[in-house]
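**Student:** Next comes the sequence, and after it the predicted model I'd like to discuss.
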Amino acid sequence: QVQLAESGGGSVQAGESLRLSCEVSGGIISSFIISWFRQAPGKERECVAAIARSGLANSYIDSGRFTISRDFAKNTVYLQMNSLKSEDTAVYYCAAADRWTLTYAAEVYDYWGQGTQVTVSS
């Protein structure tokens, strides 16, 4: 059973940085596309960034501020978020898909974490 556990969320001031972690158990991160999504109150879930099995990474929101990376030794995927803005406030989820092609479509992801809250105050 593949499980994903997010951590690293919290409350910060605008302009600060956070690094979220997604620890994967029950599977190897290189066997999946792993992505970060976020959902703000009253809004649809949106894909922030994704990393393919090959290591190819794509940021779908403001690539200059959000960077996805992975650590094989820790079987963990990270989301580095810099220069945070109040509009980045949301619950952030990591998700894994047993696919080869990067996708931002939430419906194709097979496994989801519980989410971690990020609150940015202006």
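**Tutor:** Structure received. Keep in mind that what you see is a predicted model, and the values were worked out from it rather than measured. Numbers count the residues shown, from 1 in each chain.
**Student:** what's the following helix or strand after the least confident helix or strand in the chain by mean pLDDT?
**Tutor:** Of all helical and strand segments in the chain, the minimum by mean pLDDT, DSSP states H and E falls on strand 57-59, at a mean of 90. Counting by DSSP states H and E, the next helix or strand C-terminal to strand 57-59 is strand 66-71.
**Student:** Show me which residues of that next one are buried.
**Tutor:** By neighbour count on 16 or more other C-beta atoms under 10 Å, the buried set for strand 66-71 is 66, 68, 70. Using the backbone N, CA and C atoms, a C-beta is placed for each residue, glycine as well.
**Student:** Can you name the residues that contact the second one?
**Tutor:** Looking back up the chat, that one is I68. 34-36, 48-51, 57, 59, 77-80 (C-beta atoms under 8 Å, 6 or more residues apart in numbering).
**Student:** Tell me the buried residues within these.
**Tutor:** The neighbour-count test (16+ other C-beta under 10 Å) marks 34-36, 48-51, 57, 59, 77-79 as buried among the contacts of I68.
**Student:** Identify the residue nearest W112 in space, chain neighbours excluded?
**Tutor:** Closest residue to W112 apart from its sequence neighbours, by C-beta to C-beta, 6 or more residues apart in numbering: A95 at 4.9 Å.
**Student:** again but with L56, I slipped
**Tutor:** That would be L102: by C-beta to C-beta, 6+ apart, it lies 6.7 Å from L56.
**Student:** In this structure that neighbour contacts I33, no?
**Tutor:** Yes. L102 is within contact range of I33, at 6.0 Å (criterion: C-beta atoms under 8 Å).
**Student:** any shared contact partners between those two?
**Tutor:** 50, 52.
**Student:** Look at these two and report which has more neighbours.
**Tutor:** I33 (23 against 19; other C-beta atoms under 10 Å).
**Student:** how near is the closest residue to that one other than its chain neighbours to R53?
**Tutor:** For I33, ignoring the flanking residues on the chain, the nearest one in space by C-beta to C-beta, 6+ apart is A97 at 4.5 Å. Counting by C-beta to C-beta, to the nearest Å, the separation of A97 from R53 is 10 Å.
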